[in-house]
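# Here is a sequence with its predicted model. Questions after.
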Amino acid sequence: MPSSRYAYQPSREFHVVVLGAGGVGKSCLTAQFVHNEWIESYDPTIEDSYRTQVSVDGRQVMLEILDTAGTEQFVAMRDLYMKTGQGFLLVFSITSRASLQELVTLRDEIIRIKDDENIPIVIVGNKADLVDQRQVDRAKAFSISQRWQAPYYEASARTRTNVDEVFVDLCRQMLRRDDAQEHSQDSYYDKGEDPSSSRRRRKRKQKQGPRCAIL
């Protein structure tokens, strides 16, 4: 039988960071996910925050989403967002090769700051409705996805294609990671180890500060 802690699953809270070049549709993806609405145009200098609850495989997940302006201040804040994030949506536009290349730099920064190559990541090729303007072959994006061992979705904020799916996939990854860390911590108690040990402190530190930022 499953342990009693699985009999009731309280809502988990995660803060996710959504990264990508300017103009790839990060805010549009977020607005579609949170409010189920298409934003034809938006002011890139406005910073907004969102909080929404979703059900993932029968479990309640609370997401905090910070939609951050893509201005000069972004560079100064980016390290902070990466430090506090537990999961990352890396968004590019299928109509821009340069936007895909920028993800390489962003992922390298995430791994450097988090010191962890297994951080939950989903790669999103947005603007899938603009097939006639495609510059990034699907095979190229899949190749990067396999190399990074991160799922890849082609999405459209305009038509709401795969919008929910990318956030839910990321939530699943974060839940699995959170469950694994809890199981590991429980095993320390079962063995009678001191939870204040340095190894446990490191694990507890990894669970701090979930944050969802849309950049």
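Ah, there it is. Numbers count the residues shown, from 1 in each chain.
# Next, find the distance separating the residue most central in space within the chain from residue 169.
Central residue of the chain (C-alpha atoms, centre = their mean): residue 88, 2.6 Å from the mean position. For residue 88, the distance to residue 169 equals 12 Å [C-beta to C-beta, to the nearest Å]. C-beta coordinates here come from the backbone N, C-alpha and C atoms, glycine included.
# Now do the shared contacts for the two.
Common contact partners of residue 88 and residue 169 (C-beta atoms under 8 Å, 6 or more residues apart in numbering): residue 122.
# picking that back up, list the contacts of the residue nearest to the centre of the chain.
16, 17, 18, 19, 82, 110, 119, 120, 121, 122, 170.
# Which single one of those residues is nearest to residue 178?
For the contacts of residue 88, the closest approach to residue 178 (C-beta to C-beta) belongs to residue 120, at 9.8 Å.
# give me phi/psi at the closest one?
With angles defined as degrees, to the nearest 10, residue 120 shows backbone torsions of phi -60, psi 120.
# repeat for residue 154
According to degrees, to the nearest 10, residue 154 has phi -100, psi 130.
# Check the offset of stretch 84-102 from the chain's centre.
11 Å (C-alpha atoms, centre = their mean, to the nearest Å).
# what's the span of that stretch, first residue to last?
21 Å (C-alpha to C-alpha, to the nearest Å).
# Quick one: mean pLDDT for the host helix or strand of residue 79?
For residue 79, the host element (DSSP states H and E) is helix 72-84. Averaging pLDDT along helix 72-84 gives 76.
# Next: stretch 140-153.
97.
# what do you get for stretch 14-23?
88.
# Quick check: buried residues in it?
14, 15, 16, 17, 18, 19, 20, 21 (16 or more other C-beta atoms under 10 Å).
# Pretty sure the second one sits in a helix.
Just to be clear, that refers to residue 15. No. Counting by DSSP: H, G, I helix; E, B strand; the rest coil, residue 15 is not found in a helix; it is strand.
# from memory it sits against residue 83, does it?
No. Assessed by C-beta atoms under 8 Å, residue 15 is found out of contact with residue 83, at 11.1 Å.
# helices and strands around the strand or helix carrying residue 183, which ones?
Residue 183 is located in helix 163-190, with elements delineated by DSSP H and E. Counting by 3 or more C-beta pairs under 8 Å, 6 or more residues apart in numbering; DSSP states H and E, the packing neighbours recorded for helix 163-190 are strand 12-20, helix 26-35, strand 48-56, strand 59-67, strand 87-93, strand 121-126, strand 152-154, helix 198-206.
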